[in-house]
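S.K.: give me a model of this one.
(one chain, ligands or ions: 2)
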Amino acid sequence: MYHFNEITIIGMGLIGGSIGLALKKSGKIKKITGYDVSKDSLIEAREIGAIDCIADDLKKAVLMTEVIIIAAPLGQYESILKEISPLLNADVIVTDVGSVKGFISSMFQKYLPKNIQFIGGHPMAGSEKDGIKAARSSMYENAYYFLTPSENTTQNTIEKIKTLVTEMKAYPIIVTPQEHDKIVAMISHIPHLTAAMLVISLSLCDGTKYLPFAGGGFRDSTRIASGNPEMWKDIFLYNKTEVLRSIEGLQKNLSNFKYALYTEKEDEILEILGEAKRTRDKIPGRFTDYMPPLHEIVIDVEDKPGILGNLTRILGENNINIKDIEILHAREGEKGVVKIGLESEDDRIKAKEILKRGRFPFTYERGVVNNVKGK
Ligand SMILES: NC(=O)C1=CN([C@@H]2O[C@H](COP(=O)(O)OP(=O)(O)OC[C@H]3O[C@@H](n4cnc5c(N)ncnc54)[C@H](O)[C@@H]3O)[C@@H](O)[C@H]2O)C=CC1
Ligand SMILES: O=C(O)C(=O)Cc1ccc(O)cc1
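M.R.: Ligands and ions are numbered 1, 2, ... in the order given. Next up is the predicted model:
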């Protein structure tokens, strides 16, 4: 396995900061240099241990480094690439974390010298928050991390960056920039758009005054609408073609539902809602071969303070590592359901016994998630 000694991160915000923290935690990278237009972000990044050194300018940032990770807003790429291109060492690898890949690939091709290796990257984890203060070392644990090689990217570069991603505890997935943009339009960009539309629809009928009544459903469906508008504006514009295509699909589905409701076609309404439920229930089922299968248990818990802490502490004390956790519903005064994904069948049996015999009698088994057995 190849390990880098020195890397540089340009943009020390949520994502750049989290990558720095994750890589420092891995202990595999000797020196991480950070550059940002905000001096305060750089100082904070060094204080929390996301970087070892601050570069005062882009020139110092890209000298003597093995990998450059661009983690700045998409709208800043052009000026950054223009400035760093003449300064790069021949053996450096350039990558990034941008949420759109087709346009990045063209921009890399346009500005970087032909002998420079580059590979696009996009960690599929983040938050509606931004800035270094929201950075977390655990951000990429068990997250998918898309890598989009270009025609000129060598296998050696791909393997090296895959190792770097693995050191962040994420799962590298290789796709073309075009496939990437199609996928994220459906699973990230359209969900953001619908969340934003749900929220602003309230103002259409003077409904914002009812916001205090918003329960779990509204909150779950709209959390991402709190994301940085500047970042999302860039994402929509740079992935315009795929987002427009997905909007058409969404409009078609809405029209179908509207018609079924207007004509009171119960079967069609049921079929649409049933199909949605069947598909949603597969999450976080790992029905691809990308990730190792998880072994699930489901626990009915009282909805009261500290209950999750107790549950995870008991598993931790028994050396059982939680790979995935989902709260299926939690309403005041009622039971909540927690679904936990474990690494092995042994862990599942052990966890079930310990919890059932102890403070969580309502613990049930589920099958291996990516196996039809799972129920
Ligand atoms: N926010 C999220 O959940 C995710 C974001 N991304 C991508 O990550 C990138 C960064 O996003 P965040 O970290 O969320 O944003 P952020 O706003 O938290 O951080 C961006 C940082 O870049 C700095 N910056 C701005 N212009 C710069 C320039 N010219 N040179 C150097 N630094 C500059 C800013 O001062 C800021 O510290 C974006 O391209 C976004 O598409 C990818 C996955 C998830
Ligand atoms: O907050 C969330 O759940 C997100 O999905 C964050 C996110 C935002 C942008 C991306 O390109 C990837 C992930």
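S.K.: near ligand 1, which residues of the chain?
M.R.: 10-16, 35-38, 41, 71-74, 76, 79-80, 97-99, 122-123, 126-127, 130-131, 231 (CB under 6 Å from any ligand atom). (C-beta placed from N, C-alpha, C; glycine too.)
S.K.: so which residues of the chain form strands?
M.R.: Assigned by DSSP state E, the chain shows strands spanning 6-10, 31-35, 53-54, 67-70, 93-96, 117-123, 144-149, 171-174, 295-302, 322-329, 335-342, 363-368.
S.K.: make a markdown table from those and add mean neighbour count, distance to Ser105 and mean pLDDT to it.
M.R.: Compiled in a markdown table, those are given as follows (neighbours: other CB atoms under 10 Å; distance: least, CB to CB, whole Å; pLDDT from 0 to 100):
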| stretch | mean neighbour count | distance to Ser105 | mean pLDDT |
| --- | --- | --- | --- |
| strand 6-10 | 24 | 18 | 98 |
| strand 31-35 | 24 | 23 | 98 |
| strand 53-54 | 16 | 30 | 98 |
| strand 67-70 | 24 | 13 | 98 |
| strand 93-96 | 25 | 10 | 98 |
| strand 117-123 | 25 | 6 | 98 |
| strand 144-149 | 22 | 6 | 97 |
| strand 171-174 | 18 | 14 | 97 |
| strand 295-302 | 19 | 38 | 85 |
| strand 322-329 | 14 | 31 | 77 |
| strand 335-342 | 20 | 34 | 81 |
| strand 363-368 | 16 | 37 | 69 |
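S.K.: okay, those in a markdown table with distance to Arg357 next?
M.R.: As requested, the strands of the chain are exported to a markdown table (distance: least, CB to CB, whole Å):
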| stretch | distance to Arg357 |
| --- | --- |
| strand 6-10 | 47 |
| strand 31-35 | 46 |
| strand 53-54 | 52 |
| strand 67-70 | 47 |
| strand 93-96 | 48 |
| strand 117-123 | 39 |
| strand 144-149 | 36 |
| strand 171-174 | 34 |
| strand 295-302 | 13 |
| strand 322-329 | 19 |
| strand 335-342 | 16 |
| strand 363-368 | 9 |
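S.K.: right, and those strands - which one's nearest ligand 2?
M.R.: Nearest of the strands of the chain to ligand 2, taken as CB to the nearest ligand atom: strand 117-123 at 6.2 Å.
S.K.: any idea of the angle the closest one forms with strand 144-149?
M.R.: Relative orientation of strand 117-123 and strand 144-149, computed by axes from the mean of the first three to the mean of the last three CA atoms, to 10 degrees: 160 degrees.
S.K.: quick one: strands adjacent to strand 117-123?
M.R.: According to DSSP bridges, strand 117-123 forms sheet pairs with strand 93-96 (parallel), strand 144-149 (antiparallel).
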